[in-house]
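**Student:** Give the three-dimensional model of this entry:
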Amino acid sequence: MKLHIITVGAPKLPYAKLGWEEYLARLKRSHTVRVTHIADKYNTAEHLLAAAAGTSLVVLEIKGKQLSSQQLADLLTKKALEAKEVSLMIGGPEGLPQPVIDKADYLLSLSSLTFPHDLAMVVLLEALYRASSINAGLPYHK
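**Tutor:** Below is the predicted model:
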């Protein structure tokens, strides 16, 4: 499966950089993953939608659906059957522009809690890795 992780900004704090690198490396063992970090000054609907062009767009949005790890694994399986690259997009600290949310194929919420931006990026990668482990029948998720 091809995954495209699109973030506004990149992890800045040391713990987040380490977590990002760790889970990105793990995720790349089972998926083709590309990453696009968009500079804060380009946090516009135009730039964000251009980055996700031609993909199935899943955006992180607090009003999105909260999924269990198994449900996220099921969503990944469904998306894999569509044979289309999946973009997962995290907006900046202020969220995503409304036109991006409106164009999304799926709205996903990590939690009803508010996370620091750096932490949200790490949590997304870990959740994707956990869901991928479930789909591969690996024991990591337990």
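
**Student:** From residue 7, how far off is the residue sitting nearest the centre point of the chain?
**Tutor:** In the chain, the residue lying closest to the centroid (C-alpha atoms, centre = their mean) is residue 88, at 3.6 Å. As for residue 88, its distance to residue 7 is 9 Å (criterion: C-beta to C-beta, to the nearest Å). Every C-beta, even on glycine, is put in place using the N, C-alpha and C of the backbone.

**Student:** Could you do residue 48 as well?
**Tutor:** Distance of residue 48 to residue 7, given as C-beta to C-beta: 10 Å.

**Student:** what do these two both touch?
**Tutor:** Residues touching both residue 48 and residue 7 (C-beta atoms under 8 Å, 6 or more residues apart in numbering) are 38, 89.

**Student:** What's the local residue count around the closest residue to residue 1 other than its chain neighbours?
**Tutor:** Residue nearest to residue 1 in three dimensions, not counting chain neighbours: residue 80, with 4.5 Å by C-beta to C-beta, 6 or more residues apart in numbering. By other C-beta atoms under 10 Å, 15 other residues sit near residue 80.

**Student:** Now do the longest helix along the chain: which elements does it pack against?
**Tutor:** Longest helix in the chain by number of residues (criterion: DSSP state H): helix 117-136. For helix 117-136, the elements it packs on are strand 2-8, helix 14-27, helix 69-81, strand 86-90, judged by 3 or more C-beta pairs under 8 Å, 6 or more residues apart in numbering; DSSP states H and E.
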